[in-house]
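# Return a 3D structure for these sequence lines:
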Amino acid sequence: YVDTLLYILKQYEEEITYKILSNELIQQGYFFKFNVNVILRADIKTQMEALSKGVNNGIYTANEARSYLDLPAEEGGDVLMVNGNYIPITMIGQQYQKGGDS
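You can find the predicted model right below:
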């Protein structure tokens, strides 16, 4: 895919965009893009689980995951989020001690 199809498909996308869309639509950000990831991706359930884990563990922002699915970015979606319940194993129990810092 990377060594052969990617380059050719990118050329097709650019040519179709140029020939079918008006300059106004192109300036507004419209373009054509083939969904070639279908070849490489797992079923939708597996894909969503993997993206959810990536977002929940601070690997992807929500907008990066949305981009992977060819969805538009959302306001506030560029912040890495992690579960605040995670603490280092060496600190287990400290949150229950008086003052929490000892």
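# Distance of the residue found closest to T61 once you drop the neighbours it is linked to in the chain relative to D70?
Among residues not flanking T61 along the chain, D78 sits closest, at 5.1 Å (C-beta to C-beta, 6 or more residues apart in numbering). All C-beta spots, glycine's among them, are computed from the backbone N, C-alpha and C. Per C-beta to C-beta, to the nearest Å, D78 is found 17 Å from D70.
# and after the lowest-mean-pLDDT helix or strand in the chain, which helix or strand comes next?
Here the helix or strand of the chain ranked lowest by mean pLDDT, DSSP states H and E is helix 37-40, holding a mean of 65. Beyond helix 37-40 in the direction of the C-terminus, DSSP states H and E gives the next helix or strand as helix 44-56.
# Now do that following helix: which elements does it pack against?
Here helix 44-56 touches helix 62-68, going by 3 or more C-beta pairs under 8 Å, 6 or more residues apart in numbering; DSSP states H and E.
# Tell me the buried residues in the helix it packs on?
Across helix 62-68, burial judged by 16 or more other C-beta atoms under 10 Å covers A62, N63, E64, A65, R66.
# Could you list the residues in contact with that helix?
L51, S52, G54, V55, Y60, P72, A73, E74, G77, D78, V79, M81 (C-beta atoms under 8 Å, 6 or more residues apart in numbering).
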